[in-house]
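Q: sequence and predicted structure, then a few things I'm wondering about:
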Amino acid sequence: MTVTVERSGSVAVLTIDNPPVNALNTAVRARLVGLVAETEADPSITAVVLRGAGKLFVGGADLAEFDRPPEEPTLPEVIRRIEAAGKPWVAAIHGPALGGGLELALGCHHRVALPGATLGLPEVTLGFIPGAGGTQRLPRLVGIEAAVPVIAERDMLDSARAARMGLLDRIIEGDLTEGAVAFAAALTDCVPPASQRPLADPGVEFWDRAEARIGKAAKGAAAPLAALRAVRQGVEQGIREGLRHERETFLALKASEESAALRYLFRAERAALRPADLRGVAPREIGLVGVVGGGTMGSGIAAAFRNAGLRVVMSERDATALEKGLGTVRALFEAAERRGLITSEEAEARRAGLSGCVGLEGLADCDLVVEAVFEDLAVKRAVFADLGGLCRADAILATNTSYIDPRGIVAGSVSGDRVVGMHFFSPAQIMKLVEIIPLPETSAPVLATVFDLARRLGKVPVRSGICEGFIGNRILRRYRAEAEALLREGVPFADIDAAMRGFGYAMGPFEMQDMAGLDISFLNREAARARGEDVPEAPGDLLVRAGRKGIKTGAGWYDYAPGDRSPRHSTEAARIIAALAGADRPVAAEVIVERLTGALAAEGAAILAEGIAASPADIDLVQVHGYGFPRARGGPMFQKDRKQNP
Ligand code: NAI
C-alpha cells in the first residue's frame, strides 16, 4: 500500500508510505486520487489529514519517472482534486516537504508542522521549475516578495519562518498526528484554497530587480529565470494562465539538456559520498584533526574542518609562521561573522576550537593529520617519518600533495595502510572537490573514514588512482596545452578566454593563469632546465621574463589597475605573444570551445582507460567542483557522451 488510511474519530488520516523519500510516483498519485473520491463519498468523514511515513513528508517527484512521458494522473491533477474537495485537507509536515511534496501541501487547505521541518522548492537546482502549481499557489499564500526566493533562488524555509510567512497555519509541538487531527476536527468551514486567494502585483521595479539578481546568480542556467517568469505570468495573467504556463515550462525544461546535465550531476554527487566497495565498512571516530602547514592550503583546510565542528591543531615551522597561519583562519571566521553567515558566539566557538603548535609533537593526540607543507618530496618525507613515530597507531595520516606520488612520501618510514591522499582545492574552505588518493595498502576503514569526513565537510569526494597530477591537475595540464596550441596557431588569447566565458566558465585559461600567478610554473620549468632537461619555452615564460607574473604584479596576459582584478587588454602582452604566434588567425568561439572541452574529454578518456578514475561521472565531478566547468553543462564526459549518443 503506497498510502495507508486510518481513522481518528471523524478525521481520516492518510499516510504516504513510499520509501525512501515518499516520492510521488504514479502509484502514489493514483492512490491519492482514489482516496479523494473515497473520503468525499464517506459521510462519516469530516476532514482529512495527510502525512508522510519515515523521515520525510514527501521528498518530491520520482526522478526515475522523469525520462518518460508523464503518466496519468499527473501531480497537477491530484492537487486540483484535493483543492476542490468539499472537506478540508490538512497537510501534517514532520520532515522535509520538498518540490512536489511542498506543492502537494500547498494544494491542501491547511498546513501544520513540527518545529524542525524544512520546506522548499529546489527544482531549479535540477534545471526545471515547479510543475504542479508551486509557482502559483505559494505567492498567493505568502506574497510575491517571500515566494520568489523560494521558487527561483533555492531559499529553504524552516517551520518557524514558514509559519511567520503564513505558509503554515500552526506549528505543533509534541505528537504531530494527534495535533493535526485535533486541528482538523475543530475546523468548521472550508477556507478558500491557495489558488483562489487574491494577489497584488508588486510592480515593474520589483520584477526588474529580481530578474537582475536571479539572472546574475544563475550563471547562464535557464531554470531560475524561467521560474521567475512563471510567477510573473500568474500575477499578470491570472491563475489559470499561470498554471498553464508553469506546466508548459516545466515540461519543456524537464526535457532540456540543462536538466539532464543537472540531474546527472545530482545523482553522481550522491553516489560519490557512498562508494559501493565501502558499504558496511564503519568509519572511525574523528574529533581532533592536525594540519601541518599554515600556508594557503593549510589555513583553508583548517577552516574547513573547524566549520564542520572538528577541533583543529595547526602545526608550523616557527612561531611567526604559526601566528600567521592561525591569523588567516581566524580572519575567515571573522569575515563570516561580518557577513552575517555565523553569529558572534559561533565565531568565538570556531576560534576556541583552533589551536596551534610549533613542530609536530603537539599533534600526538590527533585522530587524523593532514599534511600541507611545501610541495617538496624531502620536506614531506621528513614530516611523515616524524608523524609515524609520534601519532597513535590508529591515527590516519593524509597528504595534500598536488603531484607527488604518496607512496614515495612514506616509503621506508610509515606503513601505507594508515596513509591516504586528501587533495583539497584552493580556497579549501570553499571548493567542494576533494580527490581521495588511496595507496595500494590503504585500509578500507581508513578510506571509509575519509569519505565520511568529506561528507561531514560538505565536500564532494572523488577517488583517484596515482599518476602525475591525479585526475584534476593532469586534465588541467592537457587543457592548458590545448589553449597554448590554439594560441600558437594564431588565435588571440583574449578570444580564447572570451569563448570559455561564453561557454559558462567564470574565467578563461589565460585569465586563470593571471589569477594563480605565472611565476611558479615558470620557476619549475627553469629548475628543470637547470637540471639539463629540454623544456621548450612556454608563452607564459616570455611574459614572466618581461616582469608580467599575473594579477599580483598588475600585469600578466592582461593589465590590471591597482585593487581591481578585472582584466584589461595589454598591447605589451599582445606584442610579446605575437612574437611567438605570428599574425592573428581568429576562429569561431564554438571551435575554441570544441577544442578545449574536447581536450578535457580526451584526457578524461585516457585516465579512465588507465583506471585512474572509476567512472566518467567522477571525472565530471572533478571538472565541475574543482576546475569551474559550468555545472549546467554536466561535464566534459557528459558532453562527449551526449554528442555520441544524442
Ligand atoms: P604554502 O607555501 O602556502 O604553505 C606551506 C606551509 O608549510 C608554509 O607556511 C610553511 O611554513 C609550512 N611548512 C613547511 N615545512 C613545514 C614543516 N616541516 N612543519 C610545519 N610546517 C611546515 O603552500 P600551499 O600552497 O599551501 O601548498 C601546500 C601543499 O598543498 C603543497 O603540497 C601543494 O602542492 C598542495 N596544494 C596546493 C594548492 C594550491 O592551490 N596552492 C592546491 C592543492 C594542493
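A: In hand now; what should we look at?

Q: from here on, just use CA atoms for contacts and neighbour counts.
A: Fine.

Q: buried ones in stretch 58-65?
A: Across stretch 58-65, burial judged by 16 or more other C-alpha atoms under 10 Å covers 58-61.

Q: and stretch 361-376, by the same measure?
A: By neighbour count, and taking 16+ other C-alpha under 10 Å as the criterion, the buried residues in stretch 361-376 are 362-373.

Q: need the residues that contact it.
A: Applying C-alpha atoms under 8 Å, 6 or more residues apart in numbering, the contact partners of stretch 361-376 are 285-295, 297-298, 313, 315, 356, 379-380, 383, 387, 390-392, 394-402, 404, 422.

Q: in helices, which of those fall?
A: 297-298, 379-380, 383, 387, 390 (DSSP state H).

Q: most neighbours among those, which one is it?
A: Within the ones in helices among the contacts of stretch 361-376, residue 298 tops the neighbour count with 30 neighbours, counted by other C-alpha atoms under 10 Å.

Q: what's the nearest residue to that residue if we skip its chain neighbours?
A: Leaving out its chain neighbours, the residue that sits closest to residue 298 by C-alpha to C-alpha, 6 or more residues apart in numbering is residue 372, at 5.4 Å.

Q: pLDDT at that neighbour, what is it?
A: Note for residue 372: predicted pLDDT of 98.

Q: cool, residue 526 as well?
A: As predicted, residue 526 sits at a pLDDT of 92.

Q: who's in contact with it?
A: Neighbours of residue 526 in contact, by C-alpha under 8 Å, 6+ apart: none.

Q: now name the helix or strand holding it.
A: When elements are defined using DSSP states H and E, residue 526 is found to belong to helix 519-530.

Q: ok, that helix near the ligand or not?
A: No. Contact check for helix 519-530 against the ligand, using C-alpha under 6 Å from any ligand atom: none in range, with a minimum separation of 10.3 Å.

Q: if we can go back for a sec, reformat the buried residues of stretch 58-65 as a markdown table; add secondary structure, distance to the ligand and pLDDT.
A: As requested, the buried residues of stretch 58-65 are arranged in a markdown table below (DSSP: H, G, I helix; E, B strand; the rest coil; distance: C-alpha to the nearest ligand atom, whole Å; pLDDT from 0 to 100):
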| residue | secondary structure | distance to the ligand | pLDDT |
| --- | --- | --- | --- |
| 58 | strand | 40 | 98 |
| 59 | coil | 36 | 97 |
| 60 | coil | 37 | 95 |
| 61 | coil | 39 | 92 |
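
Q: out of the contacts of stretch 361-376, who's near the ligand?
A: Filtering the contacts of stretch 361-376 for proximity to the ligand by C-alpha under 6 Å from any ligand atom leaves 292-295, 297-298, 315, 383, 400-402.

Q: which of these fall within strands?
A: Restricting those to those inside strands, with DSSP state E as the criterion, leaves 292, 315.

Q: burial check on residue 638, number of neighbours?
A: 20.

Q: quick one on the thing from earlier: state the pair within the ones in helices among the contacts of stretch 361-376 that is farthest apart.
A: Of all pairs drawn from the ones in helices among the contacts of stretch 361-376, the widest gap by C-alpha to C-alpha lies between 297 and 390 and measures 23.1 Å.

Q: returning to what we had before: so of the buried residues of stretch 58-65, which two are at opposite extremes in space?
A: Longest distance between any two of the buried residues of stretch 58-65 is 8.5 Å, between 58 and 61; criterion C-alpha to C-alpha.

Q: any residues in contact with both of the two?
A: When contacts are counted by C-alpha under 8 Å, 6+ apart, residue 58 and residue 61 are jointly contacted by 23-24, 100-101.

Q: rounded mean pLDDT for stretch 255-270, please.
A: Across stretch 255-270, pLDDT averages out at 95.

Q: up against the ligand, what does the stretch 251-400 of the chain have?
A: Contact residues, the stretch 251-400 of the chain versus the ligand (C-alpha under 6 Å from any ligand atom): 292-298, 315-317, 321, 359, 372-375, 383, 400.

Q: give me the buried positions along stretch 462-476.
A: Neighbour-count burial for stretch 462-476 flags 462-467, 469-476 (criterion: 16+ other C-alpha under 10 Å).

Q: of those, which fall within the contact range of the ligand?
A: Filtered for proximity to the ligand (C-alpha under 6 Å from any ligand atom), the buried residues of stretch 462-476 leave an empty set.

Q: these into CSV, with extra columns for secondary structure and distance to residue 5?
A: Written out in CSV, the entries for the buried residues of stretch 462-476 read as follows (DSSP: H, G, I helix; E, B strand; the rest coil; distance: C-alpha to C-alpha, whole Å):
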residue, secondary structure, distance to residue 5
462, strand, 44
463, strand, 46
464, coil, 50
465, coil, 52
466, coil, 56
467, coil, 58
469, coil, 58
470, helix, 55
471, helix, 52
472, helix, 53
473, helix, 56
474, helix, 57
475, helix, 56
476, helix, 57
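
Q: how far away from the center of its chain is stretch 188-206?
A: 34 Å (C-alpha atoms, centre = their mean, to the nearest Å).

Q: any stretches of the stretch 101-250 of the chain with poor pLDDT?
A: Judged against pLDDT under 70, the stretch 101-250 of the chain has no low-scoring part.

Q: equivalent analysis for the chain, please.
A: Across the chain, not a single residue meets the criterion (pLDDT under 70).

Q: domain-wise, how is it divided?
A: 3-255, 277-463, 472-592 (automatic domain parsing).

Q: which of the contacts of stretch 361-376 count as buried?
A: The buried subset of these (16+ other C-alpha under 10 Å) comprises 286, 288-295, 297-298, 313, 315, 356, 380, 383, 387, 390-391, 395-402, 404, 422.

Q: so residue 119 belongs to a strand, correct?
A: Yes. Looking at residue 119 with DSSP: H, G, I helix; E, B strand; the rest coil, it is inside a strand.

Q: tell me who's in contact with it.
A: Contacts were defined as C-alpha under 8 Å, 6+ apart; by that measure residue 119 touches 96-98, 102, 156-159, 162.

Q: among those residues, which are located in strands?
A: Counting by DSSP E, the contacts of residue 119 contribute 97-98, 157-158 to strands.

Q: farthest pair within those?
A: Longest distance between any two of those is 11.7 Å, between 98 and 158; criterion C-alpha to C-alpha.

Q: quick one: which of those two has more around it?
A: residue 98 (25 against 18).

Q: wait, the more buried one touches residue 62, no?
A: No. Residue 98 is not in contact with residue 62 according to C-alpha atoms under 8 Å; the separation is 11.7 Å.

Q: what residues does this protein have near the ligand?
A: Within the chain, the positions lying close to the ligand (C-alpha under 6 Å from any ligand atom) are 292-298, 315-317, 321, 359, 372-375, 383, 400-402, 423-426.

Q: same thing but at 5 Å, please
A: The interface of the chain toward the ligand, taken as C-alpha under 5 Å from any ligand atom, is made up of 292-297, 316-317, 372-375, 401-402, 425-426.

Q: buried stuff in the helix holding residue 526?
A: Of the residues in helix 519-530, those buried by neighbour count under the rule 16+ other C-alpha under 10 Å are 519, 522, 525-526.

Q: now stretch 246-263
A: For stretch 246-263, a neighbour-count test (16+ other C-alpha under 10 Å) marks 246-247, 249-251, 253-255, 257-263 as buried.

Q: for stretch 335-343, same thing?
A: Buried positions in stretch 335-343, judged by neighbour count with 16+ other C-alpha under 10 Å: 336-337.

Q: residues in contact with residue 225?
A: With contacts defined as C-alpha under 8 Å, 6+ apart, the neighbours of residue 225 are 152, 211, 214-215, 218.

Q: so the residue in the chain sticking out farthest from the centre, which of the three states?
A: In the chain, the residue that sits farthest from the middle, by C-alpha atoms, centre = their mean, is residue 43; the gap is 49.8 Å. For residue 43, the assignment made with three-state DSSP gives coil.

Q: for it, phi and psi?
A: Reported as degrees, to the nearest 10, the phi and psi values for residue 43 are phi -70, psi -20.
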